[in-house]
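Visitor: with the input below, show me the fold.
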Amino acid sequence: MSRWEVLSPGVQTTVQDQGRTGWRHLGVARAGALDPSALALANRLVGNAESCAGLEIVLQGPRLRLPRPSLIALVGAHVQASWNDLPLPMGRPIHVPAGELKLGAVRDGARAWLAMTGGMDVAPTLGSRSTDLRGGFGGHEGRALRAGDLLPAGSAHAAAPQPRFPAWWIDPDDPWTVDRHVLRYVPLHHAAASALGTQRWRVHPNSNRQGLRLDGAPLEAQDGSGISEPVAVGTLQLPPDGQPILLLADAQTVGGYPRLGHVVACDLGRAAQLRPGESVHFEPIDLRQARALALGYQHRLARLRLAIAQRL
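Guide: Numbers count the residues shown, from 1 in each chain. You can find the predicted model right below:
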């Protein structure tokens, strides 16, 4: 089995796939890529099933030593990627020889996803290879990568003296380079839910894979019993301090904070690209508009899948 060596881990690099399903009734979070579609397309580019595990890269990527030739793809925010100091492009399959793969600073966003043929072959836990950082399980030892880790990864490819890649690439104009500073949500029917969209918010540095914490003029806290209710990825909660939280992939399954509404699923990839200190505006929409957005998003993904399949 081929094992990639982690020379330096980056800010927070984790093994992720499409997440865990069927366990929320037991309090197990979904986990998985914060933008499942980005990882799915990266997998498509290297001929994998969309369910294969890859690496999620945050702000600054890792340096990896590849012991044999590999086929890789990077999708998401732009990463300064290189093989033995030779620059590598985004959004296309890349044949790389054995050597050092360096994934540097992430630009124009916060996260990118790396796929390799055969996937990251860590042992599955509860049906998924995703890392649950809050639970401390899954992925590679239930944590972000560290220097010296050895990762079972990928399938061998024909050796070549230099990286090779096609002239075509997938168009990243949507959803990764559209305005990530606008998130659309379906509000609940109370004053605080409507007030969410009347100001711009700043992404708090304490944000993580559990939730995007927001900083702004506090919203008026809602009266409530504090009884825990089901929540999901995309739920907007309002703690007593009036500063909202957008729940992300590692979020809990129930919560006692009042709910403001729900960010549409096709905008959660934008939320994953927000960096600490950046501003964000929430745009209220109704259920009819949300369904239309979801349908258009799925149509675009289907067209990208077909285009990739025709070129591979």
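
Visitor: ignoring the adjacent residues along the chain, who's closest to residue 301?
Guide: In space, and not counting its chain neighbours, residue 301 is closest to residue 37: 5.9 Å by Cβ to Cβ, 6 or more residues apart in numbering. Yep, even glycine has a C-beta here, placed from its N, CA and C like the rest.

Visitor: give the contact list for residue 132.
Guide: By Cβ atoms under 8 Å, 6 or more residues apart in numbering, the residues touching residue 132 are 20, 28, 29, 31, 138, 139, 142, 250.

Visitor: I'd like to know which of the residues you listed are buried.
Guide: 20, 28, 29, 31, 138, 139, 142, 250 (16 or more other Cβ atoms under 10 Å).

Visitor: now do the contacts for residue 137.
Guide: So residue 137 contacts residue 125 (Cβ under 8 Å, 6+ apart).

Visitor: what about it, distance to residue 280?
Guide: As judged by Cβ to Cβ, to the nearest Å, residue 137 and residue 280 stand 31 Å apart.

Visitor: looks like residue 52 contacts residue 122 (just checking).
Guide: No. Using Cβ atoms under 8 Å, residue 52 is not in contact with residue 122, being 11.2 Å away.

Visitor: the more surrounded of those two?
Guide: Just comparing residue 52 and residue 122: by other Cβ atoms under 10 Å the higher neighbour count belongs to residue 52, 23 against 19.

Visitor: tell me, how many neighbours does the nearest residue to the more buried one once chain neighbours are set aside end up with?
Guide: Leaving aside its sequence neighbours, residue 52 sits nearest to residue 119 (Cβ to Cβ, 6+ apart; 3.2 Å). Residue neighbour count, defined by other Cβ under 10 Å, stands at 22 for residue 119.

Visitor: what sits against residue 119?
Guide: The contact partners of residue 119, taken as Cβ under 8 Å, 6+ apart, are 17, 43, 48, 52, 53, 54, 129, 153, 154.

Visitor: what do you get if the cut-off is 7 Å, keeping everything else the same?
Guide: Contacts for residue 119 (Cβ atoms under 7 Å, 6 or more residues apart in numbering) come out as 48, 52, 53, 54.

Visitor: which of these fall within strands?
Guide: Taking DSSP state E as the definition of strands, these contribute residue 54.

Visitor: the contacts of residue 119: which two are farthest apart?
Guide: The distance between the two most remote of those (Cβ to Cβ) is 9.4 Å, for 48 and 53.

Visitor: neighbour count: those two, which is higher?
Guide: residue 53 (31 against 23).

Visitor: my guess is the more buried one contacts residue 118, does it?
Guide: No. Taking contacts as Cβ atoms under 7 Å, residue 53 lies outside contact range of residue 118: 9.9 Å.

Visitor: checking my notes, the residue nearest to residue 301 in a helix, right?
Guide: Yes. Assigned with DSSP: H, G, I helix; E, B strand; the rest coil, residue 37 falls within a helix.
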